[in-house]
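Q: Provided below are the primary sequence and the corresponding predicted coordinates.
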Amino acid sequence: MPQRIPLRRRRRTKVIATLGPSSSSPEVIERLFRAGADVFRLNFSHGNHETHAANIATIRALEKKTGRPIGILADVQGPKLRVGQFGGGRVQLQTGQSFRLDLSPVPGDARRVRLPHPEIIQAAQIGTTLLLDDGKLRLRVTRAREDHLETEVVVGGALSDRKGVNVPDVVLPIPALTAKDRADLDFVLEQGVEYIGLSFVQRPEDVAEAKEIARGRAWIMAKLEKPQAVENLDAILALTDCVMVARGDLGVECPAEDVPLIQKRIVRAARAHGLPVVVATQMLESMISAPSPTRAEASDVATAVFDGADAVMLSAETAAGSFPFEAVNMMDRILFRVEQDPGWRALTDAARPDPEATASGAIAAAARQVAHTIGAEAIATFTSTGSTTLRVARERPSAPILGLTSEIDTCRRMAVVWGVHPLITAVPHSMTDMVSRATRAAQSEGFAKLGDEVVVTAGVPFGSPGTTNALRVAIVGGPAGTKEA
């Protein structure tokens with residue numbers, strides 16, 4: 001196994017770790033970062049602004065201490081659809097019985113309960129399926145009225161207060177952002193986080209609403225967790241900045257046998273669009289209470305790597321589990337091992353989408369090909385918004401990618417992008433200066449040594465966003481700009 005250079009990742013796929021009660025101290029956060037966490041997730045379904053602000057301050061202090069950019073994902077809660085309360089706190093529903101969902105605030109019993117979401121009652125039709133308590137119970141609508149639904153219990157079981165409701169069959173007239181989410185967005189945008197996790201996405205309009213609020217201050221990460229989002233996949237990808245395969249609710253609302261195929265479809269489509277894609281939920285679930293994962297969980301993580309995900313995410317494993325460090329360390333080990341397998345590289349190359357039919361896309365594809373042909377030690381990308389680096393990452397080159405930028409926000413955002421080692425540098429003032437900065441960075445960061453070749457790509461004029469139109473091959477320690485492609 002090759003020696004690890006401190007704070008330089010030995011693998012290309014990134015790791016997101018969720019912070020929570022098990023990982024809220026500066027010591028634990030630093031330990032998780034050094035173990036392999038590239039991005040930290042703040043879950044706004046839990047905690048308060050004071051707690052999240054303290055974690056953000058800790059991450060920024062750690063970033064300053066280590067000299068390495070760290071991404072922060074603020075995952076807003078989204079609408080939470082739940083039934084009301086029962087007189088005894090709990091009832092038993094029998095398969096085949098009738099059960100009413102209505103708007104009455106009276107505590108429920110075995111015959112009815114409040115459904116405090118008139119939007120569901122308005123959208124439901126005869127035959128609509130309602131899933132309760134993460135899909136453990138299943139109801140089918142037999143009669144729809146303005147103020148209530150009559151249902152048949154298809155799969156019965158125990159039902160207690162405030163259990164969740166999923167409606168997989170219809171698009172609900174409910175916005176993705178609640179009043180709480182909007183207040184949380186105001187807070188995190190002031191704090192300067194890199195990504196906003198957008199829950200309950202059903203339509204591209206949900207993404208457009210969030211992007212209008214963010215105004216470029218953070219990347220919107222659309223969480224694809226509903227069948228309606230999968231149906232509108234291309235339109236959503238055309239608007240969002242990155243995506244998450246949120247397999248929790250997706251696994252409730254879709255048949256279990258469909259979820260692996262949906263994951264592959266989303267990852268493949270996101271790659272074609274050149275968008276970072278995260279695979280999340282229950283990746284190493286058993287490590288909440290055990291120091292090692294099941295073999296099935298290790299295989300699940302490996303599958304995400306073979307699919308081509310930019311990042312994989314740990315949720316309760318690091319937020320509330322007993323072994324947060326071990327979970328990140330295990331994730332790092334699995335990713336590294338998979339990426340050493342010749343079959344992984346063969347699959348990655350075979351799954352490469354066609355180059356974008358633009359000059360920028362052609363340059364990015366050429367950078368990968370040139371680096372492969374000459375055996376370059378790295379591809380250095382100069383970018384102001386991240387677009388040049390994203391184009392090269394889309395090609396999944398065998399050479400490491402240096403993401404060079406003068407913008408700290410862009411540098412942090414690249415922490416989630418496949419294969420990218422982000423660095424802050426001044427804007428080059430000439431092509432010679434660009435090549436010089438690229439080769440020095442490749443050498444100082446341990447990617448190349450004297451005499452090695454580095455492929456350099458950028459948009460010219462420098463600092464002009466949205467263009468990738470220059471390609472150079474340079475020798476570390478040699479005269480700048482000695483080769484041109």
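A: Everything's here; your move.

Q: Let me see the ranges of the strands in the stretch 301-450 of the chain.
A: 311-314, 378-382, 401-405, 420-424 (DSSP state E, counting those that start in this stretch).

Q: And for the stretch 101-250 of the chain?
A: For the stretch 101-250 of the chain, the strands defined by DSSP E, counting those that start in this stretch cover 112-114, 129-132, 137-144, 148-155, 157-160, 165-166, 195-198, 219-224, 242-246.

Q: CSV for the strands of the stretch 301-450 of the chain, including mean neighbour count?
A: For every residue, glycine as well, the C-beta is placed using N, CA and C. Listed next are the strands of the stretch 301-450 of the chain as CSV, based on neighbours: other C-beta atoms under 10 Å:
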stretch, mean neighbour count
strand 311-314, 27
strand 378-382, 30
strand 401-405, 28
strand 420-424, 23
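
Q: how much space between the closest residue to residue 101 other than its chain neighbours and residue 56?
A: Distance criterion C-beta to C-beta, 6 or more residues apart in numbering; nearest residue to residue 101, sequence neighbours excluded, is residue 115 at 3.9 Å. From residue 115 over to residue 56 the distance is 37 Å, taken as C-beta to C-beta, to the nearest Å.

Q: and residue 92, how many residues sit next to it?
A: 10 (other C-beta atoms under 10 Å).

Q: Repeat that for residue 219.
A: Neighbour tally, residue 219, other C-beta under 10 Å: 22.

Q: cool, residue 295 as well?
A: Counted with other C-beta under 10 Å, the neighbours of residue 295 add up to 8.

Q: Tell me the pLDDT of it.
A: According to the prediction, residue 295 has pLDDT 97.

Q: repeat for residue 373
A: At residue 373, the predicted lDDT confidence score is 97.

Q: so what's it up against?
A: With C-beta atoms under 8 Å, 6 or more residues apart in numbering as the criterion, no residue contacts residue 373.

Q: Relative to residue 270, how far out is it?
A: 27 Å.

Q: quick one on the thing from earlier: ok, residue 115 and residue 56, which is more surrounded?
A: The neighbour count for residue 115 versus residue 56, taken as other C-beta under 10 Å, is higher for residue 115 (23 against 20).

Q: List the residues that contact the more buried one.
A: 83, 84, 101, 102, 103, 121, 149, 165.

Q: Can you add pLDDT and give those residues back as JSON lines?
A: Compiled in JSON lines, the contacts of residue 115 are given as follows (pLDDT from 0 to 100):
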{"residue": "83", "pLDDT": "97"}
{"residue": "84", "pLDDT": "97"}
{"residue": "101", "pLDDT": "98"}
{"residue": "102", "pLDDT": "97"}
{"residue": "103", "pLDDT": "97"}
{"residue": "121", "pLDDT": "96"}
{"residue": "149", "pLDDT": "98"}
{"residue": "165", "pLDDT": "96"}
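
Q: Could you export the strands of the stretch 101-250 of the chain as TSV, including distance to residue 79?
A: Below are the strands of the stretch 101-250 of the chain laid out as TSV (distance: least, C-beta to C-beta, whole Å):
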stretch	distance to residue 79
strand 112-114	17
strand 129-132	15
strand 137-144	19
strand 148-155	18
strand 157-160	20
strand 165-166	10
strand 195-198	12
strand 219-224	12
strand 242-246	14
